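Engineer: model this:
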Amino acid sequence: NVHAHAASARTHGTPTAAMSLRSLNPNADHTRTALHINVRAALGLCEVMRTSLGPRGTMKMLVSSGGDVRLTKDGHVLLQQMQIQHPTASLIARTAGALDTMCGDGSTTAVLLIGELLRQAHRAVQEGLHPRVVADGFGAARDAALAHLDSVAVPHGDDVSMPERELLLSVARSALRTKVHAALADVLTPIVVDAVRIVAVPREQAAPSMPAR
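Structural biologist: Next up is the predicted model:
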């Protein structure tokens, strides 16, 4: 019985784990409280964004101070318009915004992924794992994920002026299915690919300011 053991430890003067932790670090309780608050803020932002993910995501109504109404489920727009006060949630929002700026998509997924990682990290810390070990584990997982991506990546060098149509269909289909229903995405995929192939300019003919295919 854990409670009986703790009571016995207090009775016989043996310090419990919490007492030992407080003796080593008097601010341990405050640190755990701050950790809990930061994780809860991140998970709160995650819950707001979760329902807008994917083709079945729900639209959010944004009302500005001037009364302007805007309906959107775009993660980048939501993060820009929301008035996020908590530093941790604000940092996550800026990280997701930077990803959207670089790649054009993925802000909602980034928020959800960060939120779930923090949820699992918080659980591990509560079970007694040191945060440093958790951080090292995240680093090892990152390296494994990058290695896996390198192993499944399709090489496309500069010497190839245009990928095969099937490759473009796969890329377009994957992108469209995150925004619209799968059946509609399958209809739009060949239309989008063929339209891009028609207007694309070969790399050797492209002007410096013109996007080449």
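Engineer: At which residues are the helices of this protein located?
Structural biologist: Taking DSSP state H as the test, the helices found in the chain are 2-11, 17-24, 28-50, 75-81, 87-103, 107-126, 131-152, 165-176, 182-199.
Engineer: Out of those, which one sits most buried?
Structural biologist: For those, average neighbour numbers computed from mean count of other C-beta atoms under 10 Å are highest in helix 75-81, which has a mean of 19. All C-beta atoms are positioned from the backbone trio N, CA, C, and that covers glycine.
Engineer: Now that one: average pLDDT?
Structural biologist: The average pLDDT for helix 75-81 rounds to 84.
Engineer: starting at the chain centroid, how far to it?
Structural biologist: 14 Å (C-alpha atoms, centre = their mean, to the nearest Å).
Engineer: Other residues contacting it?
Structural biologist: For helix 75-81, contacts defined as C-beta atoms under 8 Å, 6 or more residues apart in numbering pick out 48-49, 52-53, 60, 62, 64, 70, 72, 93, 96-97, 100, 107-109, 111.
Engineer: Using PDB, write out every CA atom in that helix.
Structural biologist: Listed next in PDB are the C-alpha coordinates belonging to helix 75-81 (Å, rounded to 0.1, in the frame of the first residue of the first chain):
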ATOM      1  CA  GLY A  75      -4.700  27.000 -39.700                       C
ATOM      2  CA  HIS A  76      -2.400  29.800 -40.600                       C
ATOM      3  CA  VAL A  77      -5.200  32.300 -40.800                       C
ATOM      4  CA  LEU A  78      -6.600  31.100 -37.500                       C
ATOM      5  CA  LEU A  79      -3.300  31.400 -35.700                       C
ATOM      6  CA  GLN A  80      -2.800  34.900 -37.100                       C
ATOM      7  CA  GLN A  81      -6.200  36.100 -36.100                       C
END
